[in-house]
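A.B. asks: Here is the input, now give the coordinates:
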Amino acid sequence: MVFAIVLLVLLALSVLWNVGSFFAHSLTPGKIRSSRAVGPRLEEVVTEDNDSANKIAVVEIGGIISSSAIETGGYDMVDVIKAQLKRAQEDERVRAVILKVNSPGGEVLASDEINHLIGTFQTNSKKPVIASMGNLAASGGYYVSAPCRWIVANELTITGSIGVILHSWNYRGLMNKVGLQPQVYKSGKHKDMLSGERNPEEVPEEERTMLQGLIDETYTKFKKVVEDGRKRANDKNKNSKDKGKTLDEHWTDYADGRVLTGTKAFELGFVDELGNFDKAIERATTIAGIGKANLIEYQPRHDLSDLLRLFGQSNQAEGRVLKVDLGVDVPKLQAGQLYFLSPTFAH
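C.D. replies: Alright, predicted model coming up:
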């Protein structure tokens, strides 16, 4: 009964809102008005007030880096970060951005797009981005940190895991046990590549070579991103009092998928400094040349329409479902999808 009453109240509010919108548009003929801005709706929230005219924007990358929608508006992680960086670029009082990373990595394309957004933001805005690594900044988590002007990691941060993984399942043995026989019709001999219905010995060596070539090409791009990102940071910092770390000449020996502690990453030049989030704030103010600044975040803003969507509307095209948070973030790897993902989370 309580649930029904809540629905009725929401329905009444929705009707009133729609009627009000109808009359508002009727009173302004010839004009087209949009009730929503393009992209995620964000509001600025001060998380630490230091009584300063300057601001440092904190942008968080937490959990699996994915192109799946992460909020009721249907926007994914890349959309949200793009909107946050746009706000930070347009606000003259924002003097620097801290990228707060706590991620095991994720999709190759999403990671690459975020990497590109950060690099473009620094070039166009002339504002530095300082990466602050939390518990985990591995694989794709390091990929998005690589273009930053300065990287701060805790001694116990798990980072590195530079590599690519392509995940698939072979369930032919199970099919044989239950008496299932696949019938496959295909246009080309490689059309069923990565199919789990074939016996492992039926996979031709040519196909394995093609897949390994795909992995190697993406892996080469990963190493190039690391090398270029660290070099640009070194060039930017060369005239500063603290020049940061340069990559060890044998750094590629450690770019084989292994995870590293923050201390080891610092020794090898993957990060510039050891410290916590406060150290990242201190470094951001130093590089930006300011004494102090207020910390802000751009948080998604929700309205009544979002709440109504949770109760009654669905979007089958996007496959939205109502989920219960059990406190465990378990990645669901899709067959045939390339990932920059720490091996700890890949199984």
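A.B. asks: Let me see the ranges of the strands in this protein.
C.D. replies: For the chain, applying DSSP state E gives strands covering 42-48, 55-62, 94-103, 105-107, 129-138, 150-153, 158-160, 165-166, 259-261, 273-274, 294-300, 338-341.
A.B. asks: so where do the helices sit in the protein?
C.D. replies: For the chain, helices defined by DSSP state H occupy the ranges 2-26, 77-90, 108-125, 140-143, 172-178, 205-237, 262-268, 277-288, 304-312.
A.B. asks: Low-confidence stretches in the stretch 101-250 of the chain?
C.D. replies: Judged against pLDDT under 70, the stretch 101-250 of the chain has no low-scoring part.
A.B. asks: Turn the helices of the chain into JSON lines, including mean neighbour count and distance to A153.
C.D. replies: Any C-beta I mention is one placed from the backbone N, CA and C, and that applies to glycine too. JSON lines is the format used below for the helices of the chain (neighbours: other Cβ atoms under 10 Å; distance: least, Cβ to Cβ, whole Å):
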{"stretch": "helix 2-26", "mean neighbour count": "11", "distance to A153": "46"}
{"stretch": "helix 77-90", "mean neighbour count": "20", "distance to A153": "20"}
{"stretch": "helix 108-125", "mean neighbour count": "20", "distance to A153": "17"}
{"stretch": "helix 140-143", "mean neighbour count": "31", "distance to A153": "10"}
{"stretch": "helix 172-178", "mean neighbour count": "11", "distance to A153": "43"}
{"stretch": "helix 205-237", "mean neighbour count": "15", "distance to A153": "14"}
{"stretch": "helix 262-268", "mean neighbour count": "19", "distance to A153": "4"}
{"stretch": "helix 277-288", "mean neighbour count": "19", "distance to A153": "9"}
{"stretch": "helix 304-312", "mean neighbour count": "13", "distance to A153": "36"}
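A.B. asks: now for those helices, which one comes closest to A53?
C.D. replies: Closest to A53 of those is helix 277-288 (Cβ to Cβ; 12.8 Å).
A.B. asks: Show me what the closest one is packed up against.
C.D. replies: Applying 3 or more Cβ pairs under 8 Å, 6 or more residues apart in numbering; DSSP states H and E, one finds that helix 277-288 contacts strand 55-62, strand 94-103, strand 129-138, strand 150-153.
A.B. asks: Let me know which of these is tucked in deepest.
C.D. replies: Ranked by mean neighbour count, the helices and strands packed on helix 277-288 are led by strand 150-153 with a mean of 30 (mean count of other Cβ atoms under 10 Å).
A.B. asks: coming back round to it: wait, which of the strands of the chain is closest to L211?
C.D. replies: Nearest of those to L211, taken as Cβ to Cβ: strand 165-166 at 6.6 Å.
A.B. asks: Who are the contact partners of the most centrally placed residue in the chain?
C.D. replies: For the chain, the residue nearest the mean C-alpha position is I65 (3.8 Å; Cα atoms, centre = their mean). Taking Cβ atoms under 8 Å, 6 or more residues apart in numbering, we find I65 in contact with M77, S103, G105, G106, E107, A110, S111, I114, G140, G141, V144, F340.
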